[in-house]
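Q: Predicted model, plus sequence, below.
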Amino acid sequence: MALKKHLNNFEEYICVFGMATMTVVVFLQVIMRYVFSNSLAWSEEFARYVFIWISWVGASYAVRENSHFRFRMLADKLKGNARKYLELFVLLAWFTFCFFLAWYGTRLVLFLIARGQVSAAMEIPMALPYAAIPVGVGCMCIRLVAEMWKVIKKEYKSGGSAAVDGGL
């Protein structure tokens, strides 16, 4: 339970803090450009990288909230174990894709660290923005394992249409 609580807070804090910071920096850029006729050289790049982090970590948060778009037609027609197996298959396929992204995203980040590439305006290591990929999908992998566990533990009645939180 403690891991889930920390993961929930991690995702929420990253997204909320990122949105707030990005909003302040973009607002400051607008003020600097139109009021003082002098723009910040780094603000656009900073906002872009924060948005990337919000997007990838937010995808993991969406798994928790069951907010990803999913087709339900086939799942709604199935009952009992057939529905359970379909749910598990979908979650396993999704997990496999996320694991693939996490693996190759990590390799990309390590490659960028080895090359020492830095960003143009802020001159930060390019590994930092790219690290959003393995972090975000790594969190999604953890979420998907938790969802698979819920499906395994859930009882499907042959006459009912019990859906896992969010369904297919």
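A: In hand now; what should we look at?
Q: Residues contacting the helix or strand where Gly136 lies, please?
A: Counting by DSSP states H and E, the element that carries Gly136 is helix 132-153. Here helix 132-153 makes contact (CB atoms under 8 Å, 6 or more residues apart in numbering) with 3-4, 7, 10-11, 52-53, 55-60, 63-64, 84, 87-88, 91-92, 94-95, 98-99, 101-102, 105-106, 108-109, 164-165. (C-beta placed from N, C-alpha, C; glycine too.)
Q: just stretch 84-102 next, same as before
A: Contacts for stretch 84-102 (CB under 8 Å, 6+ apart): 70, 74-75, 78, 133-134, 137-138, 140-141, 144-145, 147-148, 151-152, 154, 156, 164, 167-168.
Q: residues touching the spatially most central residue of the chain, list them.
A: When CA atoms, centre = their mean is applied to the chain, the residue found nearest the centroid is Ala59 (2.7 Å). For Ala59, the contact set (CB under 8 Å, 6+ apart) comprises His68, Gly136, Val137, Met140.
Q: Now tabulate those in a markdown table and tack on distance to Asn38.
A: Putting those into a markdown table (distance: CB to CB, whole Å) gives the following:
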| residue | distance to Asn38 |
| --- | --- |
| His68 | 42 |
| Gly136 | 35 |
| Val137 | 39 |
| Met140 | 41 |
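Q: Just the buried ones out of those residues, please.
A: The neighbour-count test (16 or more other CB atoms under 10 Å) marks Gly136, Val137, Met140 as buried among the contacts of Ala59.
Q: any idea which of the residues you listed is the one closest to Phe27?
A: Closest approach between the buried ones among the contacts of Ala59 and Phe27, by CB to CB: Gly136, at 25.8 Å.
Q: Check which residues of the worst-scoring helix or strand of the chain on mean pLDDT are buried.
A: The weakest-scoring helix or strand in the chain, judged by mean pLDDT, DSSP states H and E, is helix 73-77 (a mean of 79). By 16+ other CB under 10 Å, the buried positions in helix 73-77 come out as Ala75.
Q: Mind giving me the packing neighbours of it?
A: With contacts defined as 3 or more CB pairs under 8 Å, 6 or more residues apart in numbering; DSSP states H and E, helix 73-77 has these neighbours: helix 80-115.
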